[in-house]
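J.: after the sequence you'll find the predicted model.
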Amino acid sequence: MIETKLLQGRRQVVHWVTSPPALAFIPALGLAMIWFGLKGVTLVLFSIIPALYLYQSHLRRSVHRLLTAPDPEPVMRGYDIFEEGIEQVISHVASKDLKSSLFCVEIDNFQDLCDQYGRSTMQKTVKSIGERLLASVRDIDLVCQRNDAQFAVCIAPVRYLNTVLCRDMADRFQQTLQETIHIDGERVPMSVSIGFCLISSAAEVTAAAWLERSVSALAKAREQGPSAIERLPVKPPA
C-alpha cells in the first residue's frame, strides 16, 4: 500500500515538472537572460523561488496525506448486495480459473443466551461479533448478517485455495469470535459454529445454491455440538 502511495506522490512530481506551466518556464528564463541580463534573471528567480517553495510544501503535504490515509475497511453488506456480490465472485472464479469459499458463521445457543442476558445485551453482543468478523477479513471480502445470530463471509477469488486453508481460516474466525465479550457489565461467553463450501472454476453453481450448501454445512456443524466446523462440497455426491 505504501509503495503505491509513494508512486502516486512521485507521479504528482513528474506531472508538475512536465506540465505546460513548468515547461513554459524554461524558455521564459532564457528570454529573461537575453532581455534583462543577469539582474533581470535574478529578479525573475526571486519571484519564482517562493512560488516553487510553496508548491513543494503543498506537494509534501499531499504525499503525507497519501501515506497516512487509512486503508479501505470492509463493511457489512445488505443481503441483496451480498447475493449480487456472490454472483460476481462466481463469474470471476469461472472466467479466470480462480477459487473462493463461502462461510456461514452462527452464534451457538443464541436463544439461551438471550434468555440469560436479555435481548438488548445480546443485540450489542451480535454487533460486537460483526465488528470482530469484519476486522478478520480483507476489504475485498464480502460479509453479511443473515439473521440475528448468523453471518456469511464470501472470500474474494484467489489463485490457490483448498480445504485445509479454508479450515485454517475457519479456525481463525473462531479464535477471534469466541473471546469473551464484555457488554453492560456482563461477561458473555461466546462459541460459534461454522460451515463452509469451497468452489473452483469447474463448479457450475448459482449464488443461491452456493449459499444453501454453506448453510447446510453449518447445520451439519451444529449437529456436532458447539464450536464445530464442517464443510460440504458444492454439489452433493451423486
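T.: It's in.
J.: quick one: the strands in the protein?
T.: For the chain, strands defined by DSSP state E occupy the ranges 76-77, 99-107, 142-147, 150-154, 181-183, 186-188, 192-200, 229-231.
J.: closest one to L218 among those strands?
T.: strand 192-200 (3.2 Å; CB to CB). All C-beta atoms are positioned from the backbone trio N, CA, C, and that covers glycine.
J.: show me what E230 is bridged to.
T.: G195 (DSSP bridges).
J.: any idea how far it lies from T176?
T.: 19 Å (CB to CB, to the nearest Å).
J.: ok, the closest residue to E87 other than its chain neighbours - contacts?
T.: In this structure, E87 finds its nearest non-sequential neighbour in A207, 4.7 Å apart by CB to CB, 6 or more residues apart in numbering. Shown in contact with A207 (CB atoms under 8 Å, 6 or more residues apart in numbering): 83-84, 86-87, 90.
J.: that older thread, need the strands of the chain in TSV with distance to C166, mean neighbour count and mean pLDDT, can you?
T.: Below are these laid out as TSV (distance: least, CB to CB, whole Å; neighbours: other CB atoms under 10 Å; pLDDT from 0 to 100):
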stretch	distance to C166	mean neighbour count	mean pLDDT
strand 76-77	20	16	78
strand 99-107	5	25	97
strand 142-147	15	18	94
strand 150-154	11	23	97
strand 181-183	25	15	91
strand 186-188	28	14	90
strand 192-200	5	24	96
strand 229-231	7	21	97
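J.: so which of those comes closest to R167?
T.: That would be strand 229-231 among the strands of the chain, by CB to CB, at 6.5 Å.
J.: was I right about P157 contacting I90?
T.: No: if you go by CB atoms under 8 Å, P157 and I90 don't touch, sitting 9.0 Å apart.
J.: which neighbours do these two have in common?
T.: S100.
J.: give me the contacts around stretch 152-167.
T.: Contacts of stretch 152-167 (CB under 8 Å, 6+ apart): 82, 85-86, 89, 92-93, 96, 98-105, 133, 137-138, 140-144, 146, 169, 173, 196, 198, 211, 214, 229, 231.
J.: please pull out the lowest mean pLDDT helix or strand from the chain.
T.: Ranked by mean pLDDT, DSSP states H and E, the weakest helix or strand in the chain is helix 2-17, scoring a mean of 43.
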